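Chemist: Following is a predicted model, sequence given first.
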Amino acid sequence: AEATPGPALPSSEPQAAPGDPAEERAPLEDLERVRLTRARLEAWVDEPFFETVVRGAFVRVGIGTHAGERVYRVAEIVDVSVAPQPYQIDAKATRKRLVLEIAGSRRPFQISYVSNSNFAPNELRKYQQVMEQGLRPFKTQREIDDKVAELKEAKEHVYSEGEIAKMVERNLADKKVVGSTALRRQQALADRFAAEERGDAARVAEIDALIAEIDRRADAQRAAAASVSLPSAAAATISHINERNQKMERQAEEARAKAARKEVPLSADQDALNNPFARRETRHTMYWHVGTRPRAAAAAAA
């Protein structure tokens with residue numbers, strides 16, 4: 001006798017109701033709701049949620065030129081990779097690249113190739129054409145709505161303590177703040193002011209965390225210096241004073257030697273030679289003599 005199949009086990013996956021609008025194909029225009037601009041990607045590229053939140057979003061990416069005009073395609077972000085060398089986006093450098101899917105093929109693109117402009121109608125039609133030719137599934141309305149909510153949540157992201165610690169360590173390791181503690185703090189405050197002017201709340205929160213970490217490290221350094229034992233501190237102070245005194249003595253000796261070289265007294269002869277107004281002892285030399293004639297001869301001549 002044939003075995004009668006038992007009842008089917010219930011699936012743990014949520015089942016869409018027949019005709020559920022949320023599971024229907026989303027209009028092509030809705031891809032604009034989940035499009036990320038180059039500016040947004042640059043603002044988020046160092047965020048802890050970057051790799052997660054960009055997957056499933058769309059970008060308008062340049063793939064070359066044709067007849068002297070730039071050619072763009074609608075592409076889905078499927079992953080994030082790391083480039084061998086850093087490159088410049090606009091104002092920020094990074095090594096992260098977007099792995100984009102275009103017409104069924106995947107390849108990494110630098111974020112600098114992403115456009116800030118909206119999708120053009122012909123670009124959406126081209127996307128629809130290649131998706132239909134490759135028999136690839138389109139995004140459903142539910143997937144679009146879920147991604148929109150995820151992107152909105154990322155814009156209002158609240159950092160955890162672990163995320164803040166990682167960002168601070170990364171910034172210090174990347175030498176985004178260098179120099180003394182005071183210089184680091186001053187630079188961070190300037191960056192914070194610029195971020196506030198741009199209205200970049202995420203960057204302001206990151207800089208606030210960085211400033212807090214700088215202050216914490218400065219306090220730790222001061223506490224460590226204060227905990228030095230008194231004899232060691234006294235010895236260090238005495239040594240510093242001795243070094244300072246020796247340096248001052250050397251400078252004084254050099255100054256005295258320089259003054260002595262400049263103020264060597266001159267002898268009388270040297271002073272006379274060097275002084276154009278000094279009275280000199282001279283002896284006259286006569287090259288002819290004026291004689292006197294006898295008086296008789298002078299009278300006759302007259």
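Modeler: Done, it's in. Residues are numbered from 1 along each chain as shown.
Chemist: In the stretch 51-200 of the chain, mark out all the strands, start to finish.
Modeler: Assigned by DSSP state E, counting those that start in this stretch, the strands in the stretch 51-200 of the chain fall at 58-66, 69-88, 93-102, 105-110.
Chemist: mind listing what's buried in the third one?
Modeler: So the one you mean is strand 93-102. For strand 93-102, burial by neighbour count (16 or more other CB atoms under 10 Å) applies to 94, 96-100, 102. Yep, even glycine has a C-beta here, placed from its N, CA and C like the rest.
Chemist: ditto for the shortest one
Modeler: Residues of strand 105-110 classed as buried: 109-110 (neighbour count, 16+ other CB under 10 Å).
Chemist: Quick check, V71 in contact with V61.
Modeler: No - the criterion here is CB atoms under 8 Å, and V71 misses it with V61 at 9.9 Å.
Chemist: Compare those two (neighbour count), which wins?
Modeler: Legend: neighbour count by other CB atoms under 10 Å for V71 and V61, higher for V61 (21 against 13).
Chemist: Spatially nearest residue to the more buried one, not counting backbone neighbours?
Modeler: A75 (4.9 Å; CB to CB, 6 or more residues apart in numbering).
Chemist: was I right about E150 contacting R55?
Modeler: No - the criterion here is CB under 8 Å, and E150 misses it with R55 at 9.6 Å.
Chemist: I'd like the buried residues of strand 93-102 laid out as CSV, including distance to Q187.
Modeler: What follows is those, written out as CSV (distance: CB to CB, whole Å):
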residue, distance to Q187
T94, 20
K96, 24
R97, 28
L98, 30
V99, 34
L100, 35
I102, 41
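Chemist: shaky segments in the stretch 101-250 of the chain?
Modeler: Applying pLDDT under 70 to the stretch 101-250 of the chain picks out residues 168, 170-183, 186, 225-237.
Chemist: cutoff 80 now
Modeler: 103, 158-191, 193-195, 197-198, 217-240, 242, 245-246, 249-250 (pLDDT under 80).
Chemist: What ranges does it have for its helices?
Modeler: 121-133, 141-155, 161-173, 181-198, 201-226, 230-262 (DSSP state H, counting those that start in this stretch).
Chemist: Tabulate those (JSON lines), appending distance to R107 and mean neighbour count.
Modeler: Output for the helices of the stretch 101-250 of the chain, formatted as JSON lines (distance: least, CB to CB, whole Å; neighbours: other CB atoms under 10 Å):
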{"stretch": "helix 121-133", "distance to R107": "15", "mean neighbour count": "14"}
{"stretch": "helix 141-155", "distance to R107": "22", "mean neighbour count": "15"}
{"stretch": "helix 161-173", "distance to R107": "27", "mean neighbour count": "14"}
{"stretch": "helix 181-198", "distance to R107": "32", "mean neighbour count": "14"}
{"stretch": "helix 201-226", "distance to R107": "29", "mean neighbour count": "15"}
{"stretch": "helix 230-262", "distance to R107": "61", "mean neighbour count": "10"}
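Chemist: circling back to that earlier point, run through the residues that contact the residue nearest to V61.
Modeler: For A75, the contacting residues are 58-61, 100-102, 109, by CB atoms under 8 Å, 6 or more residues apart in numbering.
Chemist: Most widely separated two among these?
Modeler: R60 and E101 (14.0 Å; CB to CB).
Chemist: thinking again about what came up before, pick the one among the buried residues of strand 93-102 closest to Q128.
Modeler: Distance to Q128 across those (CB to CB) is lowest for I102, with 13.3 Å.
Chemist: Could you give the bridge partners of the residue nearest to that closest one when sequence neighbours are not counted?
Modeler: Excluding its sequence neighbours, the residue lying closest to I102 (CB to CB, 6+ apart) is A75, at 4.7 Å. Here A75 shows beta-bridge partners V59, assigned using DSSP bridges.
Chemist: Give me the pLDDT value at A75.
Modeler: What the model reports for A75 is a pLDDT of 95.
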